[in-house]
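Colleague: sequence unknown, structure follows:
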């Protein structure tokens with residue numbers, strides 16, 4: 001059982017993946033946002049994914065933006081393509097900024113920017129895994 005998180009952008013989508021124990025999150029890959037569902041089909045099967053967390057972009061004030069609407073449409077496509085998987089959306093405010101801060105290079109290559117998308121997804125996924133752990137600890 002693994003969980004992936006997606007940081008969906010206009011051009012690129014960062015993907016992070018958990019370990020089987022659902023403790024750690026690591027940047028996994030950056031995919032083209034074009035034909036994303038098709039690319040996810042192979043990844044989900046190969047990595048035995050059981051859940052997808054999708055970053056929900058909203059403004060600092062908590063309102064929807066054009067990007068929010070685009071991500072919602074992509075999320076709907078993903079949910080339709082993978083009805084057997086639990087797909088949830090999670091607030092992703094500041095994950096891209098955190099990823100950029102962690103990548104301290106002053107001059108960033110295209111590859112560095114791709115890695116930042118996957119790192120933003122890992123920050124999102126780690127937040128979700130921490131939440132699951134907190135729920136588990138409080139249930140016992």
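Modeller: All right, it came through fine. Given the structure is predicted, the values throughout are model-derived calculations rather than measurements.
Colleague: Any idea how many residues pack against residue 90?
Modeller: When neighbours are counted by other Cβ atoms under 10 Å, residue 90 registers 15. In this view, the C-beta of every residue, glycine as well, is placed from N, C-alpha and C.
Colleague: which element is it on?
Modeller: Secondary structure assigned from DSSP states H and E places residue 90 in strand 86-91.
Colleague: can you give me the mean pLDDT across that strand?
Modeller: The pLDDT scores in strand 86-91 average 90.
Colleague: What strands flank it, and is each parallel or antiparallel?
Modeller: strand 49-56 (parallel) (DSSP bridges).
Colleague: Give me the buried positions along the strand holding residue 90.
Modeller: With burial defined by 16 or more other Cβ atoms under 10 Å, the residues of strand 86-91 counted as buried are 87, 89.
Colleague: One more: stretch 73-89?
Modeller: 74, 75, 78, 79, 82, 85, 87, 89.
Colleague: Tell me, how many residues neighbour the closest residue to residue 91 other than its chain neighbours?
Modeller: Spatial nearest neighbour of residue 91, excluding adjacent residues (Cβ to Cβ, 6 or more residues apart in numbering): residue 56 at 5.5 Å. Using other Cβ under 10 Å, residue 56 is surrounded by 18 other residues.
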